[in-house]
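Participant: Here's my sequence, what's the structure:
(2 chains)
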Amino acid sequence: MKKYYWDSSAMINAAVSDAVAKRLDADTHVARAHNLSEFFAIMTGRGVEIRGLGARAVWSPKDASEWLREFASKATIVELTAGELLDGLDKASSKVLGARVYDYGHVLAAVKAGADVVLTRNPSDFMGFTGTAVIEHP
Amino acid sequence: MTLTADSRGRIASLELFPPGASFEPEVDGTRIILKRLVPEEPKRVLGKLVRRNGRLMLDVEGEITAEAIAKAVREERDSRA
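Facilitator: Numbering: from 1, shown residues only, chains lettered A, B, ... in the order given. Now for the predicted structure:
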């Protein structure tokens, strides 16, 4: 049984695709508490472009929360302590700069959770940092 | 404030006209009104939360591509930079 780390792009993918959502029915899943906020911010804020419509899809705060509640019931939510983040930054040295710290936080959480696979639609954000965990599209 | 056109008919004010900004002129006799054009925010469509095959899903007219999801997350992360 594999352990999958879901970043927020993978979570949004699960909210719109039956095939991706189905992955949550088997195996073991983890996500960072921060991802819940990121998902909520996107889905109730600027939203996601709808192909060819020039519009963006959003959810009501209530619906976004309800979806997240169901997701959280299927995944173990992990978070980093201040010490874990700071130790990770020491190890990363100068490879992590500026806003990459947000991406790196996901990597550290995935490694902490012992994930075998990182599911993301933004693989380049994680490249070279995930240790033995492989990066896949959801 | 008085703005005087130069020999090529140009008036300049960094304060009023930021570089790259676009304006639509309205001429009414000696009165000229410049309306600043701002890009329109994309329309937002409120999706529905539906249960499909036992799972909660976003139901919205049209297709949401993987590229659009990646872009939305990247924009959100960059907005915090």
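
Participant: And for the residue of chain A found nearest chain B, the neighbour number?
Facilitator: Chain A approaches chain B most closely through residue A:99 (3.4 Å), counting by CB to the nearest CB. Bear in mind the C-beta positions are built from the backbone N, C-alpha and C, glycine included. Counted with other CB atoms under 10 Å in any protein chain shown, the neighbours of residue A:99 add up to 13.

Participant: That one and residue B:77 touch, don't they?
Facilitator: Yes: using CB atoms under 8 Å, residue A:99 makes contact with residue B:77 at a distance of 6.1 Å.

Participant: Can you read off the pLDDT for the residue nearest the centre of chain B?
Facilitator: Centroid check for chain B by CA atoms, centre = their mean gives residue B:39 as the closest residue, at 3.0 Å. At residue B:39, the model reports a pLDDT of 75.

Participant: what residue ranges in the chain score low on pLDDT?
Facilitator: Because you didn't say which chain, this covers chain A. A:130 (pLDDT under 70).

Participant: actually chain B
Facilitator: B:81.

Participant: Point out the residues in it that sit beside chain A.
Facilitator: B:42-49, B:52-53, B:55-58, B:60-66, B:68-78, B:80-81 (CB under 8 Å from any CB of the partner chain).

Participant: Drop anything exposed from the residues you listed.
Facilitator: Buried members of those, counted by 16 or more other CB atoms under 10 Å in any protein chain shown: B:47, B:49, B:55-58, B:60, B:64, B:66, B:68-74, B:76-77.

Participant: Filter the residues you listed down to just the ones in strands.
Facilitator: B:49, B:55, B:56, B:57, B:58 (DSSP state E).

Participant: Contacts only, for the closest residue to the fourth one other than its chain neighbours.
Facilitator: It refers to residue B:57. Ranked by CB to CB, 6 or more residues apart in numbering or on different chains and with sequence neighbours excluded, the top spatial neighbour of residue B:57 is residue B:50, at 5.7 Å. Residue B:50 is in contact with B:56, B:57, B:59, counting by CB atoms under 8 Å, 6 or more residues apart in numbering or on different chains.

Participant: and the gap between the second one and residue A:118?
Facilitator: Residue B:57 sits at a distance of 23 Å from residue A:118 (criterion: CB to CB, to the nearest Å).

Participant: Likewise for residue A:69?
Facilitator: With CB to CB as the criterion, residue A:69 and residue A:118 are 23 Å apart.

Participant: So between the two, which is more surrounded?
Facilitator: For residue A:69 versus residue A:118, neighbours defined as other CB under 10 Å are more numerous around residue A:118 (24 against 11).
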